[in-house]
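> What follows is a predicted structure for the sequence shown.
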Amino acid sequence: MTDHIKGVLTVEGLATQTLPLVLDSPHSGIDYPSDFVHAADPQELRHAEDTHVHDLWRGALSHGAVLLHAHFPRSYVDANRAPDDMDPDQIMGTYPLPLNPTIKSTLGIGLCWTRKPPEGSPLYARKLTADEVYHRVTRYHRPYQTRLRQLLDDAHSKWHSVWHVNCHSMQEVASAMSTQDRGTPRPDFVLGDLDGAACAGDVTQKVYEFLIARGYSVAINDPYKGMELIRANGDPAQGRHSLQIEVNRKLYMNETTREPNDGYDDLKSTFTELSQHLAQFVTATLKGQKT
Ligand SMILES: [Zn+2]
């Protein structure tokens, strides 16, 4: 499989990978496809992005990890949703694949978003067509999810275990599109492991303790337990550990301009050190498995 698909995805670090440590950033893409015809203010729509997240984590490459990131924006098609998370009522025409909408679709933030930040008003002045949704799934969504799975499978077959960090960022306070009450402040970090279903507790605990020791506020599985990418790929009993890490955007950028703020470099250093910490944990765990 290719490690770069223009406008879709890039994989970095395969040539220097020394550990079964795979990071992915599904929402930091800023390449808006020309067929993304919507009714939103382009700058407002950018509130959906986890802008810069893949760059913040890039220091992990120097500790033997690989990093996959999407180039397409989340508001176009969301790589962290199941491919069937769309309501048939949101699509014009007959969609050729089965659909199973979740609460995210009801909120307008399913597979293809139908509502726009920050207030959740309609993203389109029309319905998406079945062809449009199918194109987004086959050209963008599926290649991303497939490439991630392959990176995890390759590492798992070589090392018999794999650790996956699913990297995101969140708004400083809950917006009208959140499942939380609007204005609810978020901590610095939220770690999500689907209440332990996606990741062994010692991994979550390691990350939690690392961040707490550096003075950050950290919550676990509240309000974010994790979504599709850790649900589909985490299976602790099989040595597959997937942890979602959400960082508060106030720590690294101005949410209006999307420009890095004074905290950017410090946060990037924190992620590089956290990656080193995780790499040491992975190395020790692999050694323990051999004895
Ligand atoms: Zn995200």
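Thanks, I have the structure now.

> how long is stretch 108-117 end to end?
Distance between the two ends of stretch 108-117: 10 Å, counting by CA to CA, to the nearest Å.

> What is the neighbour count of the residue of the stretch 1-150 of the chain found nearest the ion?
Per CB to the ion, H27 is where the stretch 1-150 of the chain lies closest to the ion, at 3.5 Å. Where you see a C-beta, it was placed from the backbone N, CA and C, and this is true even at glycine. For H27, the count of nearby residues is 24 (other CB atoms under 10 Å).

> what residues are up against it?
Contacts for H27 (CB atoms under 8 Å, 6 or more residues apart in numbering) come out as A48, E49, D50, V53, A70, P73, R74, D78, A79, N80, H168, S169.

> Go again with 7 Å.
Neighbouring residues of H27 by CB atoms under 7 Å, 6 or more residues apart in numbering: E49, D50, V53, R74, N80, H168.

> cool, and L111?
Going by CB under 7 Å, 6+ apart, L111 touches V77, D78, R81, P83, D85, M86.

> what's the distance between the residue of the stretch 1-150 of the chain closest to the ion and P236?
According to CB to CB, to the nearest Å, H27 and P236 sit 24 Å apart.

> Below-threshold pLDDT in the stretch 1-150 of the chain: ranges please.
Applying pLDDT under 70 to the stretch 1-150 of the chain picks out residues 1.

> hmm, back to that, will you turn the contacts of H27 into a markdown table that also has secondary structure and distance to the ion?
Formatted as a markdown table, these follow (DSSP: H, G, I helix; E, B strand; the rest coil; distance: CB to the ion, whole Å):
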| residue | secondary structure | distance to the ion |
| --- | --- | --- |
| E49 | coil | 8 |
| D50 | coil | 4 |
| V53 | helix | 7 |
| R74 | coil | 7 |
| N80 | coil | 6 |
| H168 | strand | 3 |
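
> Would you format these as a markdown table with neighbour count included?
What follows is those, written out as a markdown table (neighbours: other CB atoms under 10 Å):
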| residue | neighbour count |
| --- | --- |
| E49 | 20 |
| D50 | 24 |
| V53 | 26 |
| R74 | 21 |
| N80 | 26 |
| H168 | 23 |
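
> could those go into a markdown table alongside distance to E259?
Formatted as a markdown table, the contacts of H27 follow (distance: CB to CB, whole Å):
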| residue | distance to E259 |
| --- | --- |
| E49 | 13 |
| D50 | 15 |
| V53 | 15 |
| R74 | 19 |
| N80 | 24 |
| H168 | 19 |
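
> tell me which of the residues you listed is nearest to E209?
Of all the contacts of H27, E209 sits closest to H168, with 20.4 Å by CB to CB.
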